[in-house]
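Chemist: structure of the sequence below:
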Amino acid sequence: MWINILSIIVIAILVFQMYACYFNPSLAYGTFENIDANRQAILTLAGRNFVMVVVTLLALKSQNAMFLAFTFLMNFAREFYDMLLVGYLDHFSMKGIGMMATFLVFLIPYVFALKKLRQLASKND
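Modeler: This next block holds a predicted model:
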């Protein structure tokens, strides 16, 4: 089903970000000054992505609607936070707001996935 495909796309993006964080942060995040504070922040991000990949893989394997819904809620919250962070770091300029709008590519499907998974979970009860 399309929810599984969306989950796999999200996993691929998270794996790419995780790889970039561990091996080449500038690959995903632009200029990266390799100082301790930056390394700590980027490795924390890598750890977050690792946990999200593991949880999403477990949910995909189980095919439990509520478990999958949890992963979509988790990813929705992450994307929403990242969207606000992009705007904040760009001082909510027109460019920043435009970049924030690109996050809708994932936020909108997450909403539809959550609605569909809720319907599936209620049918299984």
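
Chemist: make it CA atoms for all contacts and neighbour counts henceforth
Modeler: Fine.

Chemist: restricting to C-alpha, output the lowest-mean-pLDDT helix or strand in the chain in CSV.
Modeler: Across the helices and strands of the chain, mean pLDDT, DSSP states H and E gives its lowest value to helix 25-29, namely a mean of 87. The C-alpha trace of helix 25-29 is given here as CSV (Å, rounded to 0.1, in the frame of the first residue of the first chain):
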residue,chain,number,x,y,z
PRO,A,25,28.0,16.5,7.1
SER,A,26,28.6,19.1,4.4
LEU,A,27,27.0,16.6,2.0
ALA,A,28,23.6,17.3,3.4
TYR,A,29,23.9,20.4,5.5
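
Chemist: any idea of the pLDDT on A113?
Modeler: Turning to A113, the model gives it a pLDDT of 96.

Chemist: same question, L58
Modeler: pLDDT, read off for L58, is 98.

Chemist: can you give me the buried ones in the least confident helix or strand of the chain?
Modeler: Using 16 or more other C-alpha atoms under 10 Å as the test for burial, helix 25-29 gives P25.
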